[in-house]
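S.K.: below are the sequence and a predicted model for it; my questions follow.
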Amino acid sequence: SLDLLTADERQGDPSGFARHMLHCEERFTIVAVVWRPGQLTPIHDHIAWCSFIVLQGVEYETLYRDHGDHLTVIGEVANGPGDASGFAPPGDIHRVHNTGGTTAISLHVYGADLRTDPSSVRREYDLPVR
């Protein structure tokens, strides 16, 4: 439910997507992510598994394969309200982009304690995409 966030938190951050930690313990962390239209992540992978559900808007996810000197696109999906998905390392290289015209909000559960590093990102990829 969107009531997990305050009205101000649901507005997002004009400088980049916003993360709001809702619960954290040793084995998992729950995070709400707010994406304004056009906001996107770098291409990256994660330190742990993640399951997520889109509560509002559209999150467009592009999946990649690492070939050492370049990346290739291996899948693309537009996740809308109610769509759930997940991933687990290795092989979880992706980029998420709000391609819609409204703010997108998603709820993520990560299989790690993110109190010390709230991003969950293991590595960002700056390789050419072919």
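M.R.: Thanks, I have the structure now. Numbering: from 1, shown residues only.
S.K.: give the burial count for residue 77, as a bare number.
M.R.: 12 (other C-beta atoms under 10 Å). All C-beta spots, glycine's among them, are computed from the backbone N, C-alpha and C.
S.K.: any idea what it is bridged to?
M.R.: Going by DSSP bridges, residue 77 is paired in beta bridges with residue 61.
S.K.: tell me the spacing between it and residue 8.
M.R.: From residue 77 across to residue 8, the span is 30 Å (C-beta to C-beta, to the nearest Å).
S.K.: can you get me the start-to-end distance on stretch 80-87?
M.R.: For stretch 80-87, the first and last residues are 17 Å from each other (C-alpha to C-alpha, to the nearest Å).
S.K.: and it, which residues are buried?
M.R.: By neighbour count on 16 or more other C-beta atoms under 10 Å, the buried set for stretch 80-87 is residue 87.
S.K.: can you list the neighbours in contact with that stretch?
M.R.: 46, 49-58, 61, 77, 79, 94 (C-beta atoms under 8 Å, 6 or more residues apart in numbering).
S.K.: any of these buried? List them.
M.R.: The buried subset of those - by 16+ other C-beta under 10 Å - is 46, 50, 52, 53, 54, 55, 56, 57, 58, 61, 79, 94.
S.K.: tell me which residues touch residue 28, please.
M.R.: Counting by C-beta under 8 Å, 6+ apart, residue 28 makes contact with 109, 110, 111, 112, 113.
S.K.: in the chain, which residue is closest to the centre?
M.R.: For the chain, residue 96 is the residue whose C-alpha lies nearest the centre (C-alpha atoms, centre = their mean; 5.8 Å).
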